[in-house]
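# The following comprises the amino acid sequence and a computationally predicted model.
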Amino acid sequence: MDPVVMVSALSACSRVSEAGITKGVHGLLIKNGFEGDLNVGNTLIDAYSKCGDMCVSKRVFNEMSWRDVVSWNSMIAIYAQNGQSMKALEVFYEMLKVGDVSYNVVTLSTVLLACAHSGALHLGKCIHELMERKTFDGMREKNVKSWTAMIAGYGKHGLAKEALAVFYEMHRAGVQPNYITFVSVLAACSHAGFVEEGRNFFSTMNQEFGTEPGAEHYSCMVDLLGRAGFLNEAFDLIKGMKVKPDVMVWGALLAACRIHKNIKLGDISAKKLFELDSSNCGYHLLLSNIYASAGRWDDVERMKVSIKEKKTS
């Protein structure tokens, strides 16, 4: 009798889900001194879980002299698949704390399941990014598209610091950022409110990297500055654009004017938007909200009439 036989026997126990048989095989492997075998231990964890005895699975896990990624993945999956999402996350945190085994894509997929069931949405987003990062790190060759995709992924999920860290890592690796890279970087800054960082990237993208700012870059900057209350700076930026401002640029300024109740710039940006896209009622509604915040009810009524006319025309 050897560990391979024990693993086969325990695998059979998993299929029949019979606790009595599993306990019998468990006693036999202890008697023969196989309880310290890693593969035997991992299979035993699974066998007890299939019998519905998660407590014994955890005890076997705790008593293992050493564990590999399969051991950790098994315990996380057992809890996640049995509706105990918080315990699954606790095991994952313990895995990170111990630090002697690196997680893999299977680990992250299972933790993502636990996040979905527990409502831990922010953690779920972070796990999703870790999965992408794991795939990214495994690439033999990384080009500007793969680097930019990582930056965009972090930025989209509100992880601006991580997005900027990837940009600097990309720069150290000697990969030249392109037009889309800077859109992703500036969007990450905008979502996080990183005003100074955004200003620096915007000013250096052409000077250091030879990328001429386009409408998308200006839109990100106007959004960033506008959200932070730098409305005049945002307006000056638009006036100095080398390309024609589009609806995204003026729309970002109008949205910022609504937040900060700036009627003067709100009127200007709305007028530009009406010229570019007269059919969009959303711009009229935004301007109406700005008027309402200032108590200009005649203007609010005028906007309501205009919206009604747009809908019926």
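Yep, it's here.
# And stretch 258-266, what's buried?
Under the neighbour-count criterion of 16 or more other C-beta atoms under 10 Å, stretch 258-266 has Arg258, His260, Asn262, Leu265, Gly266 buried. In this view, the C-beta of every residue, glycine as well, is placed from N, C-alpha and C.
# my guess is the third one contacts Leu231, does it?
Yes: using C-beta atoms under 8 Å, Asn262 makes contact with Leu231 at a distance of 5.3 Å.
# Can I get stretch 272-282 as PDB, trimmed to CA atoms?
C-alpha atoms of stretch 272-282 as PDB (Å, rounded to 0.1, in the frame of the first residue of the first chain):
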ATOM      1  CA  LYS A 272     -21.800  75.200 -27.800                       C
ATOM      2  CA  LEU A 273     -23.500  71.800 -27.200                       C
ATOM      3  CA  PHE A 274     -26.800  73.000 -28.700                       C
ATOM      4  CA  GLU A 275     -24.900  74.000 -31.800                       C
ATOM      5  CA  LEU A 276     -23.100  70.600 -32.000                       C
ATOM      6  CA  ASP A 277     -26.100  68.400 -31.100                       C
ATOM      7  CA  SER A 278     -29.400  70.200 -30.900                       C
ATOM      8  CA  SER A 279     -31.400  67.000 -30.600                       C
ATOM      9  CA  ASN A 280     -30.000  65.900 -27.200                       C
ATOM     10  CA  CYS A 281     -32.400  66.800 -24.400                       C
ATOM     11  CA  GLY A 282     -29.900  65.900 -21.800                       C
END
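# can you list contacts of it?
Pro245, Asp246, Val247, Trp250, Gly251, Leu254, Tyr283, His284, Ile307, Lys310, Lys311 (C-beta atoms under 8 Å, 6 or more residues apart in numbering).
# one step back: where do the contact lists of Asn262 and Leu231 overlap?
Joint contacts of Asn262 and Leu231 (C-beta under 8 Å, 6+ apart) are Ala256.
# Mind giving me the packing neighbours of the helix or strand where Leu112 lies?
Element membership for Leu112, per DSSP states H and E: helix 105-118. Counting contacts by 3 or more C-beta pairs under 8 Å, 6 or more residues apart in numbering; DSSP states H and E, helix 105-118 is packed against helix 69-81, helix 85-98, helix 121-137.
# Off-centre distance for that helix?
Offset of helix 105-118 from its chain centre (C-alpha atoms, centre = their mean, to the nearest Å): 14 Å.
# And it, what's buried?
For helix 105-118, using 16+ other C-beta under 10 Å, the buried residues are Thr107, Leu108, Ser109, Thr110, Val111, Leu112, Leu113, Ala114, Cys115, His117, Ser118.
# then that helix to PDB, C-alphas only?
Extracted in PDB, the C-alpha atoms of helix 105-118 (Å, rounded to 0.1, in the frame of the first residue of the first chain):
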ATOM      1  CA  VAL A 105      -5.900  32.100 -11.600                       C
ATOM      2  CA  VAL A 106      -7.900  29.200 -10.000                       C
ATOM      3  CA  THR A 107      -7.600  30.900  -6.600                       C
ATOM      4  CA  LEU A 108      -8.700  34.200  -7.900                       C
ATOM      5  CA  SER A 109     -11.700  32.700  -9.900                       C
ATOM      6  CA  THR A 110     -12.900  31.100  -6.700                       C
ATOM      7  CA  VAL A 111     -12.500  34.200  -4.600                       C
ATOM      8  CA  LEU A 112     -14.300  36.100  -7.300                       C
ATOM      9  CA  LEU A 113     -17.300  33.700  -6.800                       C
ATOM     10  CA  ALA A 114     -17.200  34.400  -3.100                       C
ATOM     11  CA  CYS A 115     -17.100  38.100  -3.700                       C
ATOM     12  CA  ALA A 116     -20.200  37.900  -5.900                       C
ATOM     13  CA  HIS A 117     -22.100  35.900  -3.300                       C
ATOM     14  CA  SER A 118     -21.100  38.200  -0.400                       C
END
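# pLDDT on it, on average?
The pLDDT scores in helix 105-118 average 74.
# That one to helix 85-98, inter-axis angle?
140 degrees (axes from the mean of the first three to the mean of the last three C-alpha atoms, to 10 degrees).
# any low-confidence regions in this structure?
The chain contains residues with pLDDT under 70 at 1, 16-17, 116-135, 309-313.
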